[in-house]
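In: Could you work out the structure for the sequence below:
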Amino acid sequence: MWSAAYGLIALAVVAFVVLYAAAHAPNFKTVNLADQLYNAKKQLANDLPSFLRTTSSSDFANNINVVRVKVANITVSGTTFPVKFPISYKLSARGDNLLYQVYLNVISCRPAALQGGAAVTLYVVELRHSLSQLPWLEVYAAVPRNVTEYYSVLYNLYRRPTVGLDPRVGADADIGLVNYVKAEWALVYDAASDMTILYAAAPPSAPYILVVDYPLAIPLACPPRS
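Out: Have a look, this model is predicted:
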């Protein structure tokens, strides 16, 4: 009889321990890093038109989510006006457990020719990124249907416009100003400078390229010489 009683007590103790452990066990939440990454990039894409745009190197160095621009004078139909061309970015956004950061800087632009002989502008862009891989990277060139019309519309909408960045003109294709065409590109790691370089070939008439890490699309320009 005593053995049976001890057995029941032992079972009760085991049941209590199991129930207590179940009640106090940590509740692990499913972590979807892909969704977090997408949300961080989407946040940057939505906010990109409102980020600080500066010509000051110190302002650019001391801020996050900032665009460095170069101002060049554009002449359209006899009228000359200043246009801002985005040449560098420092972007950062958090998706819960994941911090997404990207740094882009146009080092140079120069005339070049593709293997078939087509003339292009070769963009040389420094790229630093918080991810080890960029599986969704694409590059497009924004080619105006009519260059004069493109800058005329920019000037009429915004007296000091920024190519590719203003809310309405930031989606140039939506109002019929440009066609986005795929650009040939390559990423090259330079061990000597510990720097990844993005090379992109765009038609000479393109005022900017779009570096796309979906859903974030970042316009980068080669400003004409004033």
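In: so what does the helix or strand encompassing residue 34 touch, helix or strand wise?
Out: Assigned by DSSP states H and E, residue 34 falls within helix 33-47. Packing partners of helix 33-47 (3 or more Cβ pairs under 8 Å, 6 or more residues apart in numbering; DSSP states H and E): strand 79-95, strand 98-113, strand 216-221. (Each C-beta comes from the backbone N, C-alpha and C, glycine too.)
In: packing partners for the shortest one?
Out: Going back to what we said before, that points to strand 216-221. By 3+ Cβ pairs under 8 Å, 6+ apart, strand 216-221 packs against helix 33-47, strand 79-95, strand 98-113, strand 208-213.
In: What residues sit buried inside the longest one?
Out: Taking 16 or more other Cβ atoms under 10 Å as the neighbour-count basis, strand 79-95 is seen to contain the buried residues 83-91, 93, 95.
In: now do the third one
Out: Along strand 98-113, the positions that meet the burial threshold by neighbour count (16+ other Cβ under 10 Å) are 98, 100-102, 104-106, 109.
In: Columns pLDDT on top of those, output as CSV?
Out: Formatted as CSV, the buried residues of strand 98-113 follow (pLDDT from 0 to 100):
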residue, pLDDT
98, 86
100, 93
101, 94
102, 94
104, 96
105, 96
106, 97
109, 94
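In: quick one: which of these is nearest residue 211?
Out: Of all those, residue 211 sits closest to residue 104, with 6.5 Å by Cβ to Cβ.
In: ok, what's across the strand from that closest one?
Out: Counting by DSSP bridges, residue 104 is bridged to residue 89, residue 127.
In: quick one: it and residue 192, what's the gap?
Out: Residue 104 sits 20 Å away from residue 192, going by Cβ to Cβ, to the nearest Å.
In: Pull out the buried positions in stretch 120-130.
Out: By neighbour count on 16+ other Cβ under 10 Å, the buried set for stretch 120-130 is 120-127.
In: Give me the subset of the residues you listed lying in helices.
Out: Judged by DSSP state H, the buried residues of stretch 120-130 include no members of helices.
In: Any chance of the residues you listed in JSON lines with pLDDT as columns?
Out: JSON lines is the format used below for those (pLDDT from 0 to 100):
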{"residue": "120", "pLDDT": "95"}
{"residue": "121", "pLDDT": "96"}
{"residue": "122", "pLDDT": "97"}
{"residue": "123", "pLDDT": "97"}
{"residue": "124", "pLDDT": "96"}
{"residue": "125", "pLDDT": "96"}
{"residue": "126", "pLDDT": "95"}
{"residue": "127", "pLDDT": "92"}
